[in-house]
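Sharing a sequence plus its predicted fold:
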Amino acid sequence: MKAVIQRVSRASVSVDDNIIGQIKAGFLILLGVEKEDTEIEAEVLASKISGLRVFCDENDKMNLSLSDIGGGVLVISNFTLCGNSKKGRRPSFDNAARPDTALPLYKHFCQCMRNAGIEQVEEGEFGADMKVELLNDGPVTLIIDSKELSR
């Protein structure tokens, strides 16, 4: 699994001009599920993200986690994160998990975030054409690949 995490002051996702998820301070997470991913990758990634200390404390030092600030997450499925653009000009998405595999793992990741104590976990609509709006805070943007995390 690959995740692009953006620290935000606010974020929302719309489908057909209807807002279906929104948060105030927290993380916008773009999540890509790859063919070889399992529930273990979702659990490891959610644990890592929920504990990231990238929110500022009273001394303006990045020292607080989502739980510390009572922040939420907006999780957006994004198969294009699994794209490979080594050859040619059109990326290959062969490494992206098929929807029948990716959707349950996406849902499992969201549940893992809730299990980690994140009270507000908002979701996009899997497979839909979504419009995502955000106010990036910092900007603080991280890319995490579950393959690079120790188990």
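Alright, I've got the coordinates. Numbers count the residues shown, from 1 in each chain.

Tell me how far whichever strand or helix holds D100 lies from the chain's centre.
For D100, the host element (DSSP states H and E) is helix 99-115. Centroid separation for helix 99-115 versus its chain: 11 Å, with CA atoms, centre = their mean, to the nearest Å.

Tell me the buried residues in stretch 94-107?
Within stretch 94-107, the residues that count as buried by 16 or more other CB atoms under 10 Å are A96, A97, T101, A102, L105, Y106. Backbone N, C-alpha and C define where each C-beta goes, glycine included.

Then stretch 5-12?
I5, Q6, R7, V8, R10, A11, S12.

same question, stretch 143-151
Residues I144, S146 are the ones in stretch 143-151 that count as buried (16+ other CB under 10 Å).

for stretch 56-64, same thing?
Here stretch 56-64 shows C56, L64 as buried, counting by 16+ other CB under 10 Å.

So what would you say the end-to-end distance of that stretch is?
End-to-end span of stretch 56-64 (CA to CA, to the nearest Å): 6 Å.

now that stretch, how far from the chain's geometric center?
Worked out by CA atoms, centre = their mean, stretch 56-64 lies 22 Å from the chain centre.

Residues contacting it, please?
Outside stretch 56-64, the residues that touch it by CB atoms under 8 Å, 6 or more residues apart in numbering are R53, V54, F55, V140.

Return the subset of those lying in strands.
F55, V140 (DSSP state E).

and the contacts of stretch 56-64, which are buried?
Buried among these by 16+ other CB under 10 Å: V54, F55, V140.

Flag every buried residue along stretch 69-79.
G71, G72, V73, L74, V75, I76, S77, N78, F79.

Good, we can wrap up now.
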